[in-house]
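# Could you look at this predicted model? Sequence included:
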Amino acid sequence: MPAADILIIGAGVAGLYTALKLAPRPVTVITARPLGEASSSAWAQGGMAAAVGPDDSAKLHLADTLGAGAGLVDAEAARVLAEGGAFAVEELTRYGVAFDRNADGSLKLGREAAHCRDCIVHATGDRAGAAIMEALIAAVRKSPHIAVLERVVVEDLLRDDQGAVGGALAYDVKKAARVALRASETVLATGGLGGLYAVTTNPTPAQGHGLAFAARAGAVIRDPEFVQFHPTALDIGADPAPLATEALRGDGALLVNRDGRRFMPDYHKGAELAPRDVVARAVEAERAAGRGAYLDARAAIGAKFPDAYPTVFAACRRANIDPCTELMPVAPAAHYHMGGVMTDLDGRSSLEGLSAVGEVASSGVHGANRLASNSLLEAVVFGARIADRLRDATLKSRKTAKAPADRLPLASKPAPPAAMAILRAAMSKGAALIRSEQSLLKTIDVISALRRRGDMTSGLKSALASAELIAQGALDREESRGAHTRADFPDTGEERFHTELSIDVSEIEMEKV
Ligand code: SIN
């Protein structure tokens, strides 16, 4: 395969938007599935935060972002994010996204947790992610500078003798063959890792593979322990667990227990709109106490539900629940990874030739706890910055290893379901909403045991690497902060620090190919 200028791995909002903004520079986008399929971006219900209301400002959005992040937000990155909100809305509108508007043409703005203003733009109610993806996919299909390779599953990054990244080794499902995709610049936009947990709102293939590729290539991984659990996934026995968007609570829906008693005011003055980690722990506490947790949208939303929240409504109906007149059972679910490949303001990782954008990146905007609906905005703002940096840059050609891809030691396959079931259960038990040294050590033991089984595949190897990064980061952080709660270290430490993990690449067999 001829070498590409720029290779983007992943085709959610971050990958596609970066590709579009690179025009006219040629770029290749690879995706493990057909475009748009199993993409967390397309499942985003809440919308995109942007300071566009008459009483709002980037300063207020910045303050909310800093507040949610529990002391670990990079203020400069968050400033860039907040100041990019209005432009991101304009840009996506130009690409054809029909954001919901009031009769006078102004944007309809919703409220979500820990925002001091109504600042969430929506599209067709709870279909913001899907609407953005549909518009970007249509634009990509019409863009001659973008080549899309579908059903090409990356297994690792290629590096040259100096350690710079120069593309990826992948398995082309259609050709049933391994391929080396060489590139001058590689952009990881592979999304998150909720699929490592037994209960998640993410598509289950989201298993942190991109994080593992970057770690195995030697990139610095920052704060992997910060996994956000959404408080209100529908507890209806479905995998993945359908999300009941926070916008419902922004619209007045209440959290009640089995007796119909509203419980959030007992936990936080912000009640249902307290920071997401607080609400998640409260929901978990009510459930653990046997009282159950339910979202009650009957009075606040009632008959408007089907039109205002078509995605949640459809999920409820599949479980024979009518949310206009009945309570929705909810549980916390792994939802978003705040940690990731450490990047600077322009998306550069610690490795030459490798950038990262979107959920796989740790750009610094989320700290220990992401503010609701900041992620689509992050993908757009930082995707544009990577494109601006690379569009006219003189790119280096990279001499990556010539070794044949077929010398990779493992089968090019997703993780075996039986092994994934064990891993997901162990992560949900030991590395989830509330962790401890004991639970994390047990999780790491399970990960080690899975490595020793005879059914290792390329997919399982990456899933285990990401799971271990989370567990190890959580073990090292002996405090509770934001989304990371340690039962054995309940207080937030005085010192603010980032976890930075990297792997000694010389020890990794995969690198020898
Ligand atoms: C939601 O709709 O509640 C999720 C929004 C987000 O995760 O930012």
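Now that the structure is in, tell me what you want to look at.

# gap between the two ends of stretch 397-410?
The separation between the terminal residues of stretch 397-410, taken as CA to CA, to the nearest Å, is 28 Å.

# Right, and the ligand sits closest to which residue of the protein?
As assessed by CB to the nearest ligand atom, the ligand sits closest to residue 46 within the chain, at 2.6 Å. Backbone N, C-alpha and C define where each C-beta goes, glycine included.

# and the residue lying closest to that residue once chain neighbours are set aside, which of the three is it?
The spatially closest residue to residue 46, leaving aside those adjacent along the chain, is residue 373, at 4.5 Å (CB to CB, 6 or more residues apart in numbering). Assigned state for residue 373: coil (three-state reduction, DSSP: H, G, I helix; E, B strand; the rest coil).

# Would you mind listing what in this protein touches the ligand?
Taking CB under 6 Å from any ligand atom as the contact definition, the chain meets the ligand at 45-46, 243, 245-247, 335-336, 372-373, 375.

# any chance of the residues you listed in TSV, plus pLDDT?
Below are these laid out as TSV (pLDDT from 0 to 100):
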residue	pLDDT
45	89
46	84
243	97
245	95
246	93
247	92
335	97
336	97
372	91
373	95
375	97
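
# Out of the residues you listed, which sit inside strands?
In this view, those that belong to strands under DSSP state E are 335-336.

# Need the max-distance pair from the residues of the chain next to the ligand.
For the residues of the chain next to the ligand, with distances taken as CB to CB, the pair at the greatest spread is 247 and 336 (15.7 Å).

# which phi and psi does residue 34 have?
Backbone geometry at residue 34, expressed as degrees, to the nearest 10, gives phi -60, psi 150.

# Please look at residue 215 and residue 467 and confirm they touch.
No. The pair residue 215 and residue 467 does not pass the contact test of CB atoms under 8 Å, sitting 11.7 Å apart.

# When these two are compared, which one has more neighbours?
Looking at residue 215 and residue 467 with other CB atoms under 10 Å, you find the greater number of neighbours at residue 467, namely 28 against 24.

# Name the SS class of that one, please.
The three-state label given to residue 467 by three-state DSSP is helix.

# Run through this structure and note the low-pLDDT ranges.
Within the chain, the ranges that satisfy pLDDT under 70 run 1-2, 401-409, 504-513.

# For residue 493, give me its contacts.
Each residue near residue 493 by CB atoms under 8 Å, 6 or more residues apart in numbering is listed here: 478-479, 481.

# oh, I was asking about residue 187
When contacts are counted by CB under 8 Å, 6+ apart, residue 187 touches 6-9, 15, 18, 347, 354-357, 386.

# any idea which of those residues is closest to residue 272?
Out of the contacts of residue 187, the one with the shortest distance to residue 272 is residue 357. That distance is 31.8 Å, counting by CB to CB.

# Need the phi and psi values for the closest one.
The phi and psi values for residue 357, taken as degrees, to the nearest 10, are phi -150, psi 150.

# and what of residue 85?
Comment: the main-chain dihedrals of residue 85 come out as phi -60, psi -50, following degrees, to the nearest 10.

# what about it, distance to residue 63?
From residue 85 across to residue 63, the span is 14 Å (CB to CB, to the nearest Å).

# So between those two, which is more surrounded?
Neighbours were tallied for residue 85 and for residue 63 using other CB under 10 Å; the higher tally belongs to residue 85 (24 against 14).

# thinking that one is in contact with residue 377, fair?
Yes. With contact defined as CB under 8 Å, residue 85 reaches residue 377; the gap is 6.0 Å.

# Pull up the overlap in contacts between those two.
Counting by CB under 8 Å, 6+ apart, the shared contacts of residue 85 and residue 377 are 48-50.

# chain center to stretch 279-299: distance?
Distance, stretch centre to chain centre, for stretch 279-299: 24 Å (CA atoms, centre = their mean, to the nearest Å).

# Pull the residues that contact that stretch.
For stretch 279-299, using CB under 8 Å, 6+ apart, the contacting residues are 113, 229-232, 244, 248-249, 251-260, 263-264, 266-268, 272, 274, 305, 323-332, 433-434, 483, 485.

# Can you tell me which of those are buried?
Burial by neighbour count, judged by 16 or more other CB atoms under 10 Å, picks out 113, 229-232, 244, 248-249, 251, 253-257, 263-264, 267, 272, 274, 305, 323, 327-332, 433-434, 483, 485 from these.

# Buried by neighbour count: which residues of stretch 472-481 qualify?
Taking 16+ other CB under 10 Å as the neighbour-count basis, stretch 472-481 is seen to contain the buried residues 472-475, 477, 479-481.

# okay, now the residue nearest to residue 369 when sequence neighbours are not counted: neighbour count?
Sequence neighbours aside, residue 482 is the residue nearest to residue 369 in space, at 3.5 Å (criterion: CB to CB, 6+ apart). Counted with other CB under 10 Å, the neighbours of residue 482 add up to 25.

# you'd agree residue 482 is up against residue 66?
No. Counting by CB under 8 Å, residue 482 sits too far from residue 66 to count as a contact (11.9 Å).

# Touching both of those two, which residues are there?
A shared contact of residue 482 and residue 66, defined by CB under 8 Å, 6+ apart, is any residue touching both; here these are residue 367.

# give me every residue that touches residue 267.
Contacts for residue 267 were tallied using CB under 8 Å, 6+ apart; they are 274, 278-279, 281-282, 285.

# out of those residues, who's nearest residue 422?
For residue 422, the nearest member of those is residue 281. The distance, counting by CB to CB, is 26.0 Å.

# And the closest one, how far from residue 112?
Going from residue 281 to residue 112 by CB to CB gives 18 Å.

# Many thanks, have a good one.
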